[in-house]
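*Asks:* Just the structure for this:
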Amino acid sequence: MSQAVDAGSTENILGPSSGMPIDNPLAMIALTKHTANMAEIASLLHTLDWTQQHQTNDPAHAASGDRVHDIPLAGDGTPWIDESALMDLAAETGMNDHQARSWVGDALELHHRLPKLFFRLYDEQLPVWKARLVAQASRVLTVEGAAWLDKELHMRFEKIGPTALKRFVAHALDRFDPDEAARRAEAAADARRVDLCPQDDGTDDLYGKTDHADGLDLEAAIQKAAAELKAQGSEESLDVRRSKALGVIARHYLAGTSAGAVTRVVNLYVHADSEGQFTTEGGTGLTTLTQLREWCQTSNTKIVARPVIDLKRNGYVPSETMREQAILTDKTCVAPNCERNARTADLDHIEPYDKDHPDRGGPTSSENLACLCRYHHRMKTFTHWTYTKLEPGYYLWRSPAGKHHVRTPSGTIKLQ
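*Replies:* Here you go, the predicted model:
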């Protein structure tokens, strides 16, 4: 049951009203949204001041943008920003690495390449979120293409949504950079992929990009399998049956013509120091007994139990078992605010390993290993960021400026 918040409670949260219409919730919503937008404009300006302090002329030290989607930090004509400074910005503001790069790139793009749209922020007509939407789309354009887009949109942005914006950007690419337009069409075909992202609740998030014809075939197969599940007596919702249909399709393919063959193997990790707790290979959270029971009752499924123990070995390269243990413990990159999956991360020696004098450096052991994505691994290795492991899953980071952040399994805590 929801509870109403009276005007007095609102004033306690926001401070003295000073004439604000706290008895009119709709007016208050509009006022606070306006205030938030103005605060974001101020933050963009402060970000531009920050970028002036952290520019570099060395392309080897310049921050890139989104490598996965082939998007630069900002387009041609914008200054290069020192990559090591981005980690400071992300840690101080609570952003992860991707969010920090996106925010800085948007500020540079708007100020240097979309000045007409940037000016519209000041007359309070263009909201920051929509300006950033254009900035993120225009990065791939030439200087001439960005100028054309700026001219076309700055007086009609109210009518422009994401779909229309894509058409404008595609037109600008075709007109001002046809070779890049062709290259991106080919890259889009090469970017077809399917990713499974394990979640803490025993499910997996599924993301992908496929050829349109393949997508039509997959949709038809999902519809058919979902209908068959209903015909077999399933009372679950259509959404749930469509999800389960993917497993049905996968097991049909894996089974081939061999009746009764094992088509699903679940590696179950038993935590020796915590009775009744299990994780699965690729999982980021605990597996429930209910889910385990359902797997055991499913035909063609094999459960393999593996213990999790503290490990040590001689030499620099950790064993596969040690890597698996670190992944199960950390789940993500352990740098402040980073959420990149530990399975794609590097395994870092927290106290550096001395290859010339192994007895003097950090050991290759459970206590001295942690998962860091490639970017944060470079920052720890080549800058003055340092960290220590407080206990499994908990890390104390120190920035070059002497500020401290505690990374926990639940998130990042900035110490004052």
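*Asks:* And the strands in the stretch 251-400 of the chain?
*Replies:* Under the criterion DSSP state E, counting those that start in this stretch, the stretch 251-400 of the chain contains strands at 264-271, 278-280, 301-308, 312-313, 346-349, 364-365, 369-372, 386-391, 394-398.
*Asks:* Pull out the buried positions in the lengthiest helix in the chain.
*Replies:* If you go by DSSP state H, the chain has its longest helix at helix 25-53. Going by neighbour count (16 or more other CB atoms under 10 Å), the buried part of helix 25-53 is 28, 37, 40-41, 44, 47-48, 51. Heads up, the C-betas are built off the backbone N, CA and C, glycines and all.
*Asks:* Next: stretch 105-120.
*Replies:* For stretch 105-120, the neighbour count (16+ other CB under 10 Å) marks 105-114, 117-118, 120 as buried.
*Asks:* Can I get it as CSV, trimmed to CA atoms?
*Replies:* Only the C-alpha atoms of stretch 105-120 are listed here, as CSV (Å, rounded to 0.1, in the frame of the first residue of the first chain):
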residue,chain,number,x,y,z
GLY,A,105,32.6,12.7,-24.9
ASP,A,106,29.1,14.3,-24.9
ALA,A,107,30.4,17.5,-23.4
LEU,A,108,33.2,17.8,-25.9
GLU,A,109,31.0,16.9,-28.8
LEU,A,110,28.3,19.5,-27.9
HIS,A,111,30.8,22.3,-27.2
HIS,A,112,33.2,21.8,-30.1
ARG,A,113,31.1,20.3,-32.9
LEU,A,114,27.4,21.1,-32.2
PRO,A,115,27.6,24.7,-31.0
LYS,A,116,24.1,25.7,-32.1
LEU,A,117,22.5,22.9,-30.1
PHE,A,118,24.8,23.6,-27.2
PHE,A,119,23.6,27.2,-27.2
ARG,A,120,20.0,26.0,-27.1
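*Asks:* Now do the contacts for residue 204.
*Replies:* Residue 204 makes contacts with 196-198, as judged by CB atoms under 8 Å, 6 or more residues apart in numbering.
*Asks:* so where's the stretch 1-150 of the chain shaky on pLDDT?
*Replies:* Filtered on pLDDT under 70, the stretch 1-150 of the chain yields the residue ranges 1-22, 66-71.
*Asks:* returning to that earlier point: in CSV, list the buried residues of helix 25-53 along with distance to residue 126.
*Replies:* Below are these laid out as CSV (distance: CB to CB, whole Å):
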residue, distance to residue 126
28, 23
37, 9
40, 11
41, 10
44, 12
47, 17
48, 17
51, 21
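*Asks:* Which member of the residues you listed is positioned nearest residue 138?
*Replies:* Lowest distance from residue 138 to the buried residues of helix 25-53 (CB to CB) belongs to residue 44, with 15.7 Å.
*Asks:* in what helix or strand does the closest residue to that closest one other than its chain neighbours lie?
*Replies:* Distances taken as CB to CB, 6 or more residues apart in numbering put residue 107 closest to residue 44, at 5.0 Å, once the chain neighbours are dropped. In the assignment (DSSP states H and E), residue 107 maps to helix 97-113.
*Asks:* any idea of the angle that helix forms with helix 25-53?
*Replies:* Using axes from the mean of the first three to the mean of the last three CA atoms, to 10 degrees, the direction of helix 97-113 lies 80 degrees away from that of helix 25-53.
*Asks:* Who are the packing partners of helix 97-113?
*Replies:* In terms of contacts (3 or more CB pairs under 8 Å, 6 or more residues apart in numbering; DSSP states H and E), helix 97-113 is packed against helix 25-53, helix 83-93, helix 115-120, helix 128-138, helix 143-153.
*Asks:* Repeat the analysis, applying 6 Å as the threshold.
*Replies:* helix 25-53, helix 83-93, helix 128-138 (3 or more CB pairs under 6 Å, 6 or more residues apart in numbering; DSSP states H and E).
*Asks:* Between those, which one is closest to residue 366.
*Replies:* Among those, helix 83-93 sits nearest to residue 366 (CB to CB), with 26.0 Å.
*Asks:* what helices or strands is the closest one leaning on?
*Replies:* By 3+ CB pairs under 6 Å, 6+ apart, helix 83-93 packs against helix 97-113.
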